[in-house]
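Undergrad: quick one, structure for this:
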Amino acid sequence: MLVENGVKGDSRVQKEALSAAAAGWDVVLLGKSPDKKARSWRLGGARVRLLPVPTPLHRRRHEYRRAVLRAPLAYPPGPLAEYRKQRMKAWRAELNLQVIETGRTGSAVARTCLLPTRLLSRALHRWVRLRARHTAALERRRKDMDGPLDRFTTAFWVRAMGERAWRRLDPGLWDLELAYGKVIDALRPDLIHANDFRMLGVGARAKLRAEARGRTVRLVWDAHEFLPGIKPWNPHPRWHVAQCAHEREHAKYADAVTTVSATLARMLAEHHGLNALPEVVLNAPDAETPADASAEPVPDLRALCGIGPQVPLAVYSGSAAPQRGLDIMVEALPQLPGTHVAFVVPRGNAPYMQALRKRAVVLGVQDRVHVLPYVPHDQVVRHLAAADVGVIPIHHWPNHEIALITKFFEYSHARLPLVVSDVRTMGAMVATTGQGEVFTAEDVSDYVRAVSAVLADPGRYRDAYLRPGMLAEWTWEAQAAVLDGVYSRLVEGARTPVGERMAPVAP
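TA: So this is what the prediction gives:
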């Protein structure tokens with residue numbers, strides 16, 4: 001099983017590994033280490049290994065070359081510009097000290113002798129600053145790549161290489177291959193479960209290498225989102241083009257595809273010309289807490305916020321980014337007297353969260369905004385249940401319109417009344433079930449209306465969860481059965497005895 005993260009913050013991947021191991025599969029989950037150190041641990045019956053991923057290919061080829069024609073005054077790529085600036089400052093500081101010393105001795109001759117050197121240093125200082133500005137401007141242009149020549153070269157590689165163009169547009173994808181590939185080959189798997197689009201290529205190439213050696217390896221591609229419809233999390237203009245090309249090249253090697261919604265399954269089948277409709281494995285939580293996890297104390301959400309049980313509390317749990325719309329929860333607080341908001345996010349000090357904190361200070365509501373860390377995935381539902389409202393304020397992006405996301409199911413199992421933006425699939429579901437209110441995305445006034453309605457009569461919305469069978473299909477146990485069925489169809493007789501599954505393996 002492959003994933004491009006540190007595993008612990010990815011509830012879907014953890015549940016996949018746990019349930020597959022419990023069903024008798026020998027599971028090794030390979031993730032990406034946050035630093036240069038390899039790590040390993042047990043996750044139920046699965047083994048987790050985090051691999052260091054050096055990224056020397058993260059910079060593209062042209063970023064290592066001088067731009068003699070485009071910026072002849074710019075310094076070569078690398079630390080030279082900063083070195084020259086700092087060296088010039090040091091020289092001028094030394095000259096200034098010499099002037100002070102000659103002033104103390106009263107030697108006019110010595111001061112006169114320093115004059116040519118001081119004039120030279122001033123001229124060279126201006127020259128270095130000029131070249132440094134040209135260097136910084138070149139770096140910005142290379143980062144933005146919005147000039148006519150940049151657009152031409154991008155289009156040229158796409159036209160010339162087609163789906164193979166990612167090799168030129170984002171060679172950093174090879175860094176993942178070089179880190180994961182040799183480890184996968186050494187494990188000699190029967191089946192590779194590749195999570196999301198960047199691991200798809202790693203898994204596909206491992207499958208091809210195994211087949212070249214006479215071994216049959218099945219590849220499951222777990223597509224978490226519709227790549228053409230996402231808001232790129234990397235602003236480089238070539239990044240999204242490269243990822244789409246990379247996905248198109250390797251999708252054909254998948255023996256089975258799983259995804260998170262029926263709508264996305266149809267879109268993937270049409271976009272990639274898949275022979276079969278992908279199986280749907282929802283991002284649903286466990287219906288029951290494992291016995292070993294139930295004994296662990298669950299952090300008290302309200303205690304972490306420093307508030308009592310009667311204080312209105314709206315919660316958001318998940319990744320934080322501008323397109324997730326968290327800012328509306330802060331902007332609305334002056335119109336929701338006494339209401340607090342809790343953001344349960346993976347990185348509380350991320351720039352976006354810092355901006356939300358600063359905005360809260362400007363609005364005078366900083367004492368009602370609480371930024372909290374993630375809890376283990378098997379504690380999420382119990383942790384969130386202390387809130388009064390579960391909020392999903394995501395903006396209108398194609399990828400946001402097509403699925404019920406993880407936090408929707410987590411809020412539902414916590415029996416929270418929901419306040420969700422009017423993205424297509426989720427808005428329609430909430431309107432149908434009556435488990436919450438739908439507001440117009442990015443409209444503060446309508447958000448205030450929705451939250452106020454829920455807080456005025458929360459029991460009305462909680463009653464929706466009392467309907468028989470409402471949550472039955474929204475459980476991980478039901479999804480695990482689907483995933484196990486996919487594995488079993490692809491690899492017959494590959495399950496191993498529990499004793500062999502638990503045998504220690506060197507990291």
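Undergrad: just checking, what packs against the lengthiest helix in the chain?
TA: For the chain, the helix with the greatest residue count under DSSP state H is helix 108-144. With contacts defined as 3 or more C-beta pairs under 8 Å, 6 or more residues apart in numbering; DSSP states H and E, helix 108-144 has these neighbours: helix 80-105. All C-beta spots, glycine's among them, are computed from the backbone N, C-alpha and C.
Undergrad: what's the angle between the helix it packs on and helix 108-144?
TA: Orientation of helix 80-105 against helix 108-144 (axes from the mean of the first three to the mean of the last three C-alpha atoms, to 10 degrees) gives an angle of 160 degrees.
Undergrad: what are the buried residues along helix 80-105?
TA: 81, 84-85, 88, 95, 98, 102 (16 or more other C-beta atoms under 10 Å).
Undergrad: now those residues in CSV, with distance to Pro297 and pLDDT?
TA: Shown next, in CSV, are the buried residues of helix 80-105 (distance: C-beta to C-beta, whole Å; pLDDT from 0 to 100):
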residue, distance to Pro297, pLDDT
Ala81, 53, 89
Arg84, 57, 91
Lys85, 53, 91
Met88, 58, 90
Leu95, 65, 88
Gln98, 67, 86
Thr102, 71, 84
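Undergrad: tell me which of these is nearest to Ala245?
TA: Set against Ala245, the nearest of the buried residues of helix 80-105 by C-beta to C-beta is Ala81 (33.2 Å).
Undergrad: was I right to think the closest one contacts Arg129?
TA: No: between Ala81 and Arg129 there is no contact under C-beta atoms under 8 Å: 10.2 Å.
Undergrad: so which of the buried residues of helix 80-105 is the closest to Ala321?
TA: Relative to Ala321, the closest of the buried residues of helix 80-105 is Ala81; by C-beta to C-beta it sits at 31.9 Å.
Undergrad: distance check, the closest one against Arg66.
TA: 12 Å (C-beta to C-beta, to the nearest Å).
Undergrad: what is in contact with these two at once?
TA: Ala74 (C-beta atoms under 8 Å, 6 or more residues apart in numbering).
Undergrad: list the buried residues in stretch 304-313.
TA: Buried residues in stretch 304-313, counted by 16+ other C-beta under 10 Å: 304-305, 307, 312-313.
Undergrad: could you pull out the helices for the stretch 151-300 of the chain?
TA: 166-169, 173-187, 196-212, 239-251, 262-272, 291-294 (DSSP state H, counting those that start in this stretch).
Undergrad: please disregard the earlier target; I meant the stretch 301-450 of the chain.
TA: Using DSSP H, counting those that start in this stretch, helices in the stretch 301-450 of the chain cover 301-305, 327-331, 351-363, 380-384, 406-413, 424-433, 444-456.
Undergrad: residue ranges in the stretch 151-300 of the chain under the pLDDT threshold?
TA: 289-295 (pLDDT under 70).
Undergrad: and with 90 instead?
TA: 151, 153, 229-237, 283, 285-297 (pLDDT under 90).
Undergrad: give the buried residues for stretch 320-339.
TA: Quick answer for stretch 320-339 (16+ other C-beta under 10 Å): 320, 324-333, 336, 339.
Undergrad: neighbouring contacts of that stretch?
TA: Taking C-beta under 8 Å, 6+ apart as the rule, stretch 320-339 contacts 231, 233, 311-314, 316, 318, 341, 343, 345-347, 350, 352-353, 356, 359-360, 363-365, 368-369, 391, 393-395, 397, 400, 421, 441-442, 444, 447-448, 451-452, 455.
Undergrad: in PyMOL, how would I select just the buried ones from those residues?
TA: A single PyMOL command selects the buried members of the contacts of stretch 320-339 (16+ other C-beta under 10 Å):
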select buried, resi 312+313+314+316+318+341+343+345+352+353+356+359+360+365+368+369+391+393+394+395+397+400+421+441+442+444+447+448+451+452+455
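Undergrad: with that, I have no additional questions.
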